[in-house]
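In: Provided below for reference: sequence and predicted model.
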Amino acid sequence: MKLVRGAWKLLVGIKDALVLILLLLFFGGLFAALSSRPNTRVTDGALLLDLSGSIVEQPAEADPVAVLSGQPVAQQLRLRDVVRALDAAKGDARVKVVVLDLDKFAGGYPSALAEVGDAVARVRASGKPVLAYATLYTDGGYRIASNASEIWENPFGGTLFRGPGGSQPYYKGLIDKLGVNAHVYRVGQFKSAVEPFTRADQSEPARAANQALYGAIFDQWRAAVQKARPKAQLDAFLTRPAETVQAAGGDIAQANLRGGLVDQLGDRIAFGNRVAALAGEDKGKGAGSFRTIKYDNWLAANPVPTGGDAVGVITVAGTIVDGEAKAGTAGGDTIAKLLLDGLATKNLKALVVRVDSPGGSVLASERIRQAILQAKQVSKIPVVISMGGLAASGGYWVSTPGDVIFAEPNTITGSIGVFGVIPTFENTLAKIGVTADGVATTPLSGQPDVMRGTSPAFDAIMQGNVEDIYRRFTGLVAASRKLTPERVDQIGQGRVWDGGTARQLGLVDRFGNLNDAVAEAARRAKLDPAKVRAVYLDREPSAYEKLLKSFADREKGETTDAATDLLGAAAIEQRALMAQALGDARRMLTARTGVQARCLECAGLGPVAPSAEDASLFDLIVARLFS
């Protein structure tokens, strides 16, 4: 009995200790969250924009498992916040210099990079110095940095431009070896999202379409960089990179300096001393320290205006999925509820739909479209569409109710096509000696049968259903854009277009950003654009979510993958690309949605930032391969 009592006391002690530890962690985290609230009081110094991570339309909510277990946390910065911070710095005497830290920049869609780059150019044009620093610059990072007054680079780094494009995995050989049958139902000659499951290489129509899209995006990037850095020998690095670097003895950073791509080579201490000469030294913090205005504090000190008539802005960002979803993913029910609640309670005078999505579920896309129609037909307010970096497939579906569509020249849009994928495993089971049999009462009994395969009747029905939804899609576009269904079919077929070409084809009305769309919505509502305010119909994060974000913010310096040198940066990027591709494949083959209007190929032009779940899947596969 003494032994039992002793063991029981030990267990109770362990339980009490664990409870105490959890309480300490909770209250410690709560204290950290409260103490890290942005301070609206700003003193003179350098406005530091640490652009670690990616620039997105709507940051995803922090993954609790990743945050609390110390896994890598991919930081995401909201595009409109970055632009607001830069614009607020132009005329504020407290900001002596703007510093862009691009050492861990993970990119963004071309239109987002262009918008931030233009905001940097406005700061520079105001006479305020802008200094950029990185060990090496990605193409996207340099698109932003090229507008700076001074571009600094670590002498052990170096920048080489690659342009859009590259390889993507094709799974046909693998799924054949595994015995998986991927039953694909599709409409659209260019709807290449399903090709990795049906082919071992890229089809010629997909290749031609992607070549045209990537070429247009690349031409816009090159023109913008050359305009920002007219004396830089950009073409030498684009067309003759090996010869240009060899001429500098293999020293890439020195070649960058000679070619005018960067202005100074130096480590962080040297760079910090340069900033300190402009903004003042932060005494007692060591060499290279300078007086800093924190980004969060600066945003808090320059909030979004709250006066004037309300123009609602609903954001459709990320993959469109059925039901509810957290920020960063467009849940059909979530967005519809936010919009309908806003119409009922916010006294909105007009509506702007901000789209930054590759599409997804057709049912969820239609759910969102119906909610937008509620604003247009029932509430009788004008609806303006503002396309961000990406508005393809389902992202275009939800844009069809708009009175006018704004996009940027490098917005990725179109991809008017639909598909569905159902995997079956009859051959996989046969490899291990498992068979299946049974009886049927109708041609559809047990269909889709993952153990025996789909029937011809089921296949015919599914293909017919996909074709019917494609007809509905093209019909919506035809009615919205005042085109014939035949013409929409010609420019549809799943083909993806850049914003400039989309405007020529009639899929887009005007070029402009979100502010331009808000101003147009105000004019259509007969309001003064200068006297309206944007009301963002976003879900307010819970206290728990705010606490998680505070943990993620505090740990981001230690958990975000950092670029070390060219080889290290390439390894990090390729790991991220593979993790993202594997995640896309997993979602395609395990999707709970039916027919999809989605553009997977668009992801190659966006930020390289896989979710923690995708990164874990990649690590698991690598571990199994080499164990």
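Out: On my side now, so go ahead. Numbering: from 1, shown residues only.
In: name the helices or strands packed onto whichever strand or helix holds residue 296?
Out: Using DSSP states H and E, residue 296 maps to helix 295-301. The elements that helix 295-301 packs onto, with contact taken as 3 or more C-beta pairs under 8 Å, 6 or more residues apart in numbering; DSSP states H and E, are strand 45-50, helix 79-89. For glycine as for every other residue, the C-beta is placed from the backbone atoms N, C-alpha and C.
In: Just put the ones you listed in TSV and tack on mean neighbour count.
Out: What follows is the helices and strands packed on helix 295-301, written out as TSV (neighbours: other C-beta atoms under 10 Å):
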stretch	mean neighbour count
strand 45-50	22
helix 79-89	21
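In: what would these look like in TSV with mean pLDDT?
Out: What follows is these, written out as TSV (pLDDT from 0 to 100):
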stretch	mean pLDDT
strand 45-50	97
helix 79-89	97
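In: With distance to residue 379 added, can I get the ones you listed in a markdown table?
Out: Output for the helices and strands packed on helix 295-301, formatted as a markdown table (distance: least, C-beta to C-beta, whole Å):
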| stretch | distance to residue 379 |
| --- | --- |
| strand 45-50 | 38 |
| helix 79-89 | 24 |
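In: for those, which one sits closest to residue 129?
Out: strand 45-50 (9.4 Å; C-beta to C-beta).
In: what pairs with that closest one, and is each one parallel or antiparallel?
Out: strand 95-101 (parallel), strand 292-293 (parallel) (DSSP bridges).
In: thinking again about what came up before, relative to helix 79-89, how tilted is the next helix or strand after the helix holding residue 296?
Out: Helices and strands here follow DSSP H and E; after helix 295-301, the next one along the chain is strand 309-317. Interaxial angle of strand 309-317 relative to helix 79-89 (axes from the mean of the first three to the mean of the last three C-alpha atoms, to 10 degrees): 130 degrees.
In: Mind giving me the packing neighbours of whichever helix or strand comes after strand 309-317?
Out: Counting by DSSP H and E, the element after strand 309-317 in chain order, helix or strand, is strand 320-321. Helices and strands touching strand 320-321, by 3+ C-beta pairs under 8 Å, 6+ apart, are strand 330-331, strand 359-361, helix 362-373.
In: The shortest one packs against which elements?
Out: Taking 3+ C-beta pairs under 8 Å, 6+ apart as contact, the helices and strands that strand 330-331 lies on are strand 320-321, helix 362-373.
In: most tightly surrounded among those?
Out: strand 320-321 (a mean of 29; mean count of other C-beta atoms under 10 Å).
In: so for it, what's the average pLDDT?
Out: For strand 320-321, the mean pLDDT works out to 94.
In: now it, how far from the centre of its chain.
Out: 14 Å (C-alpha atoms, centre = their mean, to the nearest Å).
In: re the thing from before, as JSON lines, the strands paired with strand 45-50 with mean pLDDT, mean neighbour count and distance to residue 123 would be great.
Out: Converted to JSON lines, the strands paired with strand 45-50 look like this (pLDDT from 0 to 100; neighbours: other C-beta atoms under 10 Å; distance: least, C-beta to C-beta, whole Å):
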{"stretch": "strand 95-101", "mean pLDDT": "98", "mean neighbour count": "24", "distance to residue 123": "6"}
{"stretch": "strand 292-293", "mean pLDDT": "96", "mean neighbour count": "22", "distance to residue 123": "13"}
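In: Quick one: closest of these to residue 384.
Out: Comparing the strands paired with strand 45-50 under C-beta to C-beta, the one sitting nearest is strand 95-101, at 31.0 Å.
In: Can you show me the CA trace of that closest one as CSV?
Out: C-alpha atoms of strand 95-101 as CSV (Å, rounded to 0.1, in the frame of the first residue of the first chain):
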residue,chain,number,x,y,z
VAL,A,95,11.1,59.7,-40.3
LYS,A,96,14.7,60.6,-41.3
VAL,A,97,15.2,57.6,-43.6
VAL,A,98,13.3,54.5,-44.6
VAL,A,99,15.2,51.2,-44.3
LEU,A,100,14.1,48.1,-46.3
ASP,A,101,15.5,44.9,-44.9
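In: Give me the contacts around it.
Out: For strand 95-101, contacts defined as C-beta atoms under 8 Å, 6 or more residues apart in numbering pick out 44-52, 86, 89, 120, 123, 128-134, 144-145, 148, 275, 278-280, 293.
In: Next secondary structure element downstream of it?
Out: strand 105-107.
In: low-scoring stretches of the protein, by residue?
Out: 1-13, 15-39, 62-73, 541-578, 580-594, 600-601, 603, 608-627 (pLDDT under 70).
In: Kindly recompute the last result at 80.
Out: 1-40, 61-74, 166-167, 191-193, 284, 539-595, 597-598, 600-604, 606-627 (pLDDT under 80).
In: is it true that residue 269 touches residue 290?
Out: No - using C-beta atoms under 8 Å, residue 269 is not in contact with residue 290, being 11.0 Å away.
In: Which of these two has more residues huddled nearby?
Out: residue 290 (23 against 12; other C-beta atoms under 10 Å).
In: which residues sit in contact with that one?
Out: Applying C-beta under 8 Å, 6+ apart, the residues contacting residue 290 are 45-46, 272, 275-276, 279-282.
In: returning to what we had before: distance between the helix holding residue 296 and the chain's centre?
Out: 23 Å.
In: Touching it from outside, list them.
Out: 38-42, 47-50, 81, 84-85, 88-89.
In: hmm, try it at 10 Å
Out: Among residues not part of helix 295-301, those counted as contacts by C-beta atoms under 10 Å, 6 or more residues apart in numbering are 36-43, 47-51, 77-78, 81-82, 84-86, 88-89, 92, 94-95, 293-294, 553.
In: Out of the contacts of residue 290, which is nearest to residue 429?
Out: Once C-beta to C-beta is applied, the member of the contacts of residue 290 that ends up nearest residue 429 is residue 272, at 62.3 Å.
In: burial count for the closest one?
Out: Neighbours around residue 272, by other C-beta under 10 Å: 22.
In: and the gap between it and residue 48?
Out: 11 Å (C-beta to C-beta, to the nearest Å).
In: Also residue 361?
Out: 40 Å.
In: Kindly report the same for residue 100.
Out: For residue 100 relative to residue 48 (C-beta to C-beta), the value is 9 Å.
In: do the same with residue 480
Out: Taking C-beta to C-beta as the measure, residue 480 and residue 48 are separated by 44 Å.
In: before we move on, back to that, take the contacts of residue 290 and keep only those in strands.
Out: Among those, the ones falling in strands (DSSP state E) are 45-46.
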